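Asker: Give me the fold of what follows.
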Amino acid sequence: MWFKNLIVYRLSNPIDLSADELETRLEEFAYRPCTSQEKSKYGWSKPMGKHGESLLHVTDGNILLCAKKEDKMLPASVVKEALDEKIEQIEADTARPVKKKEKDALKEEIEHQLLPRAFSRLGTTRAYISPKMGLIIVDASSHNKAEDLLALLRKSIGSLAVLPVQSKAAVEQTMTDWLQNETPTHPFELLEEAELKSPLEGGPIIRCKNQDLICNELKAHIENGMFAVKVAMQYAESLTFVLNEDLTVKRVKFTDVVMEQKDDQDKDDKAACFDADFAIMTGEFEQFIPALLDVLGGEEQTISE
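Answerer: Take a look at the predicted model:
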């Protein structure tokens, strides 16, 4: 349940639904496995998995959601091999070439035959709504996955006006300044990983790992026009993360100081542990997200129609 990535969206308007009303809307779009002839399915799943019954989980007003996706795996090479064999057989039997329209129909027929035997690839994307902060925080490795979840939520509740949170200062310029001039403002500190790029398309990329980032070598690259697109950092005694130029946060890892709060949990009570973990995580993010925006010059006010 602990989020490893953060893509943060600002709600233009509060979601004016009670938890019960929201769950009723989610149930209409609950995940159900693919039938034998379906290639993919996407819907809401229980955040607590087998330990829960609800399609949402609420703690301290924060609402945790989980979207589940199933994709049937039909390797293109398998389909192509079967299609080539079919075309070869038809051309041998009829002494005529198979035209494109017929090939497309044959391909569709082959996929139809193979789908019931195809393996499924399953994946989940979690997010939570923070009414207190006016945010939706998505644990997704890409904007596409985050947008898929938001689209499902929008379909479920009828409307959802959100925009990605933006900082007033350009993230790449701020990170570059940190490397060139000084370390970021307390309570943030640079770790030992960064990525620099050339402004030229197809230009060089410098990746540093296990290296002091405040050094003459990196300063020289920056003076030659390169800029930072990724920097590893630590926030207080709370968590480590990698900040990207698009303000996405990757590889979130909570420190031992935070995880020690779990020591008093009753490990046999899965529901209570889940609830406590969610409370700890969201409590940390309530401090971290505003602090990150503050060190980047504050949040840029955006308007969503």
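Asker: Only C-alpha atoms from now on, for both contacts and neighbour counts.
Answerer: OK.
Asker: For the nearest residue to residue 29 once chain neighbours are set aside, give me its contacts.
Answerer: Distance criterion C-alpha to C-alpha, 6 or more residues apart in numbering; nearest residue to residue 29, sequence neighbours excluded, is residue 43 at 5.5 Å. Taking C-alpha atoms under 8 Å, 6 or more residues apart in numbering, we find residue 43 in contact with 29, 30, 31, 32, 67, 68, 69, 152.
Asker: my guess is residue 43 is in a strand, correct?
Answerer: Yes: counting by DSSP: H, G, I helix; E, B strand; the rest coil, one finds residue 43 located in a strand.
Asker: hey, where'd the strands end up in this protein?
Answerer: 7-11, 40-44, 57-59, 62-73, 119-130, 135-139, 162-164, 166-167, 188-197, 205-209, 227-235, 239-244, 249-254, 299-300 (DSSP state E).
Asker: Of all the ones you listed, which one comes closest to residue 156?
Answerer: Evaluated over the strands of the chain, closeness to residue 156 peaks at strand 40-44, with 9.7 Å, by C-alpha to C-alpha.
Asker: which residues of the stretch 51-200 of the chain score low on pLDDT?
Answerer: Low-confidence regions of the stretch 51-200 of the chain, defined by pLDDT under 70, are absent; no residue qualifies.
Asker: make it 80
Answerer: 182-184 (pLDDT under 80).
Asker: still on that earlier bit, the contacts of residue 43: which two are farthest apart?
Answerer: Between all members of the contacts of residue 43, the farthest pair (by C-alpha to C-alpha) comes out as 32 and 152, at 14.2 Å.
Asker: which of the two has more neighbours?
Answerer: A count of neighbours by other C-alpha atoms under 10 Å puts residue 152 above the other of residue 32 and residue 152, at 18 against 14.
Asker: In contact with the more buried one, which residues?
Answerer: 29, 43.
Asker: So it versus residue 38, what's the distance?
Answerer: Counting by C-alpha to C-alpha, to the nearest Å, the gap from residue 152 to residue 38 is 18 Å.
Asker: got it, and residue 66?
Answerer: As judged by C-alpha to C-alpha, residue 66 and residue 38 stand 21 Å apart.
Asker: The residue nearest to residue 29 bridge partners, please.
Answerer: Under DSSP bridges, the beta-bridge partners of residue 43 are residue 68.
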